[in-house]
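*Asks:* Got a sequence here, can you model it:
(chains A and B)
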Amino acid sequence: MKTKKQQYVTIKGTKNGLTLHLDDACSFDELLDGLQNMLSIEQYTDGKGQKISVHVKLGNRFLYKEQEEQLTELIASKKDLFVHSIDSEVITKKEAQQIREEAEIISVSKIVRSGQVLQVKGDLLLIGDVNPGGTVRAGGNIFVLGSLKGIAHAGFNGNNQAVIAASEMLPTQLRINHVLNRSPDHIQKGNEMECAYLDTDGNMVIERLQHLAHLRPDLTRLEGGM
Amino acid sequence: MGEAIVITSGKGGVGKTTTSANLGTALAILGKRVCLVDTDIGLRNLDVVMGLENRIIYDLVDVVEGRCKMHQALVKDKRFDDLLYLMPAAQTSDKTAVAPEQIKNMVQELKQEFDYVIIDCPAGIEQGYKNAVSGADKAIVVTTPEISAVRDADRIIGLLEQEENVESPRLVVNRIRNHLMKNGDTMDIDEIVQHLSIDLLGIVADDDEVIKASNHGEPIAMDPKNRASIAYRNIARRILGESVPLQVLEEQNKGMMAKIKSFFGVRS
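*Replies:* Numbering: from 1, shown residues only, chains lettered A, B, ... in the order given. A predicted model of the protein is given here:
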């Protein structure tokens, strides 16, 4: 039973399941009603009893967490559907700020001395040394133009892909995400131009700096952060 | 108006008090009016090293709390005609007896009268350190070639760099034992300077005479021949702006046998 009401929801079937394009001009309640109607009309099933994944496209609509939950619940209440993703064209300023901060390379020119902690949200480019007892932490990668003799903690927000690179690698400890590695008890001569990263098994590996080009092609960012 | 220099190190036992006493003495020998201020309240030593312990009547805490005038507390060193004075620390109170602001005011007042106010800082980075640094314009960081002392020096330099009124600190490497350094058993001067990356003000060799002199209450800088004394005098001259080359650390006055041994590469 079709109503004459405006269509708020467009459904498209793809190989990967259903894509719901939701109107972004109406109110959220109208949208829910429309969706409710739409989903109750037709039975979506692949005939084998498997669940169909649903990609929701919100257009220029911003959803609060509770609204997202409501939407997810509504779709999941139809027994053969589950929400795979909810995409919106818009994000809050706060999120944008965060993304920017996380993608930024902060350059700092100083010596991080014993007892000092230098922490940034994005990548850190330190022009200077990290002395023993000093700590540098970054949400992203750490690059030290100088000697790294203290502690470096890259990807502290849970980024396994983060790397640590230094002109002179003599750290007391290296940490990437939750993986920790300490220096051998007998200090060797300065190891120049090295980097540390986590391999696919999550083990920390120290390599020549030049290997990063293959290991982390994402490090090349010619167009700025995003 | 003079300038106030704080002598600090972080770690204890590296020779802050000895350095303070000798730099003060050396500056006085060079004709400057100097006041030594001991801020190690509760554990005062500078008066003992200077041999002025028995002349103390009032102390720094008395001045700060207004129990006496400043000049009443100053102890004059008779060996120098009106050039060298000591402001002794109290022995009965502790570091919390004074606040940084009070020391700052006192140092400010002393700077009107003296060319140099040398502030001897207690070990550590707590209240005592904060008191000592509050009035200073310049800082000298003392370290020994031991790694633990260099670590603490690094920490102190980091803290000093955050002080707005203190110029970037300069380094004195004290108690150098030449044979250990030559064998690579301790860090060498270049390594220390590179590690801390601050200007080197001077190096002082480890010498038994320094300890003997301190125990007699006569700073080694009074002895014109001793090499540690010359090192301290050189530092004093550098403070005055002269450029003096660094001392050569080789053992001097070797006997004939030692010379032959060293010729064949045997350690004497």
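*Asks:* Domain boundaries for chain A, per the record?
*Replies:* A:9-87, A:96-219 (automatic domain parsing).
*Asks:* So which residue is dead centre in chain A?
*Replies:* Compute the mean C-alpha point of chain A, and by CA atoms, centre = their mean the closest residue is residue A:159, 7.6 Å away.
*Asks:* Once you drop chain neighbours, what's closest to the residue of chain A at minimum distance from chain B?
*Replies:* Nearest residue of chain A to chain B: residue A:113, at 3.4 Å (CB to the nearest CB). Where you see a C-beta, it was placed from the backbone N, CA and C, and this is true even at glycine. Spatial nearest neighbour of residue A:113, chain neighbours left out: residue B:158 (3.4 Å); criterion: CB to CB, 6 or more residues apart in numbering or on different chains.
*Asks:* Checking the one you found next. Helix, strand or coil?
*Replies:* helix (DSSP: H, G, I helix; E, B strand; the rest coil).
*Asks:* near chain A, which residues of the stretch 151-268 of chain B?
*Replies:* Taking CB under 8 Å from any CB of the partner chain as the contact definition, the stretch 151-268 of chain B meets chain A at B:151, B:152, B:154, B:155, B:157, B:158, B:159, B:161, B:195, B:196, B:197.
*Asks:* Mean neighbour count, the domains of chain A: which tops it?
*Replies:* domain A:96-219 (a mean of 18; mean count of other CB atoms under 10 Å in any protein chain shown).
*Asks:* Return the distance of that domain from the chain's centre.
*Replies:* 18 Å (CA atoms, centre = their mean, to the nearest Å).
*Asks:* quick one: average pLDDT of that domain?
*Replies:* If you average the pLDDT over domain A:96-219, you get 91.
*Asks:* With stretch B:194-210 instead?
*Replies:* The average pLDDT for stretch B:194-210 rounds to 94.
*Asks:* so how far is the first residue of that stretch from its last?
*Replies:* 28 Å (CA to CA, to the nearest Å).
*Asks:* Now do the same contact list for residue A:219.
*Replies:* Counting by CB atoms under 8 Å, 6 or more residues apart in numbering or on different chains, residue A:219 touches A:141, A:163, A:212, A:213.
*Asks:* In JSON lines, list those along with secondary structure and distance to chain B.
*Replies:* Formatted as JSON lines, these follow (DSSP: H, G, I helix; E, B strand; the rest coil; distance: CB to the nearest CB, whole Å):
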{"residue": "A:141", "secondary structure": "coil", "distance to chain B": "24"}
{"residue": "A:163", "secondary structure": "coil", "distance to chain B": "26"}
{"residue": "A:212", "secondary structure": "helix", "distance to chain B": "27"}
{"residue": "A:213", "secondary structure": "helix", "distance to chain B": "31"}
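*Asks:* nearest to residue B:234, of those residues?
*Replies:* residue A:141 (46.5 Å; CB to CB).
*Asks:* so what's the backbone phi/psi at the spatially closest residue to that closest one that is not a sequence neighbour?
*Replies:* Setting aside the residues directly before and after it, residue A:141 is nearest to residue A:123 in space (CB to CB, 6+ apart), at 4.6 Å. Note on residue A:123: backbone dihedrals following degrees, to the nearest 10 are phi -90, psi 150.
*Asks:* ok, residue A:123 - contacts?
*Replies:* A:104, A:105, A:106, A:138, A:140, A:141, A:142, A:143.
*Asks:* hmm, 6 Å instead?
*Replies:* When contacts are counted by CB atoms under 6 Å, 6 or more residues apart in numbering or on different chains, residue A:123 touches A:105, A:140, A:141.
*Asks:* Tell me the residue of the stretch 51-200 of chain B that sits nearest chain A?
*Replies:* For the stretch 51-200 of chain B, the residue closest to chain A is residue B:158, as judged by CB to the nearest CB, at 3.4 Å.
*Asks:* Reduced to three states, what does residue B:140 come out as?
*Replies:* Residue B:140 is classified as strand under three-state DSSP.
*Asks:* Need the pLDDT of it.
*Replies:* 97.
*Asks:* again with residue A:224
*Replies:* 51.
*Asks:* With residue B:229 instead?
*Replies:* What the model reports for residue B:229 is a pLDDT of 95.
*Asks:* Helices along the stretch 151-268 of chain B, start to end?
*Replies:* Ranges of helices in the stretch 151-268 of chain B, per DSSP state H, counting those that start in this stretch, are B:178-182, B:189-196, B:208-215, B:227-239, B:256-263.
*Asks:* Tabulate the ones you listed in CSV, adding columns for distance to residue A:86 and mean neighbour count.
*Replies:* As requested, the helices of the stretch 151-268 of chain B are arranged in CSV below (distance: least, CB to CB, whole Å; neighbours: other CB atoms under 10 Å in any protein chain shown):
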stretch, distance to residue A:86, mean neighbour count
helix B:178-182, 67, 15
helix B:189-196, 53, 17
helix B:208-215, 75, 16
helix B:227-239, 69, 22
helix B:256-263, 81, 11
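*Asks:* So which of those helices is nearest residue A:40?
*Replies:* Here helix B:189-196 is closest among these (CB to CB), at 73.5 Å.
*Asks:* Against which helices or strands is that closest one packed?
*Replies:* Contact partners of helix B:189-196 among helices and strands, from 3 or more CB pairs under 6 Å, 6 or more residues apart in numbering or on different chains; DSSP states H and E: none.
*Asks:* what sits up against that helix?
*Replies:* B:150, B:154, B:173, B:200.
*Asks:* The first one: helix or strand, and which one exactly?
*Replies:* Same thing as residue B:150. Here residue B:150 sits within helix B:147-162, counting by DSSP states H and E.
*Asks:* So which bits of chain A are right by chain B?
*Replies:* A:111, A:113, A:114, A:115, A:116, A:131, A:133 (CB under 6 Å from any CB of the partner chain).
*Asks:* how close does the closest residue to the last one other than its chain neighbours get to residue B:235?
*Replies:* This means residue A:133. Among residues not flanking residue A:133 along the chain, residue A:114 sits closest, at 3.1 Å (CB to CB, 6+ apart). Computed as CB to CB, to the nearest Å, the residue A:114 to residue B:235 distance reads 25 Å.
*Asks:* quick one on the thing from earlier: and the residue nearest to residue A:141, bridged to which residues?
*Replies:* residue A:105 (DSSP bridges).
*Asks:* Give the residue spans of chain B that score low on pLDDT.
*Replies:* Scanning chain B for pLDDT under 70 picks out B:250-268.
*Asks:* Try it again at 80.
*Replies:* By pLDDT under 80, the weakly predicted segments of chain B are B:249-268.
*Asks:* Break down it into its strands, ranges please.
*Replies:* All strands of chain B, identified by DSSP state E, fall at B:3-8, B:34-38, B:75-76, B:84-87, B:116-120, B:138-143, B:170-176, B:199-205.
*Asks:* The last one - which strands sit beside it in the sheet, and in what orientation?
*Replies:* What that stands for is strand B:199-205. In the sheet, strand B:199-205 lines up with strand B:170-176 (parallel) (DSSP bridges).
*Asks:* ok and the strand it pairs with relative to helix B:189-196, angle-wise?
*Replies:* If you take axes from the mean of the first three to the mean of the last three CA atoms, to 10 degrees, strand B:170-176 sits at 140 degrees to helix B:189-196.
*Asks:* Now do stretch A:74-81: distance to the chain's middle.
*Replies:* Centroid displacement of stretch A:74-81 relative to its chain, using CA atoms, centre = their mean, is 28 Å.
*Asks:* send the alpha carbons of that stretch over as CSV?
*Replies:* Output in CSV follows, covering the C-alpha atoms of stretch A:74-81 (Å, rounded to 0.1, in the frame of the first residue of the first chain):
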residue,chain,number,x,y,z
LEU,A,74,15.1,0.0,13.0
ILE,A,75,17.0,-1.6,10.2
ALA,A,76,18.1,-4.6,12.2
SER,A,77,14.5,-5.1,13.3
LYS,A,78,13.8,-6.4,9.8
LYS,A,79,15.1,-9.8,10.3
ASP,A,80,17.3,-10.3,7.3
LEU,A,81,19.1,-7.0,7.4
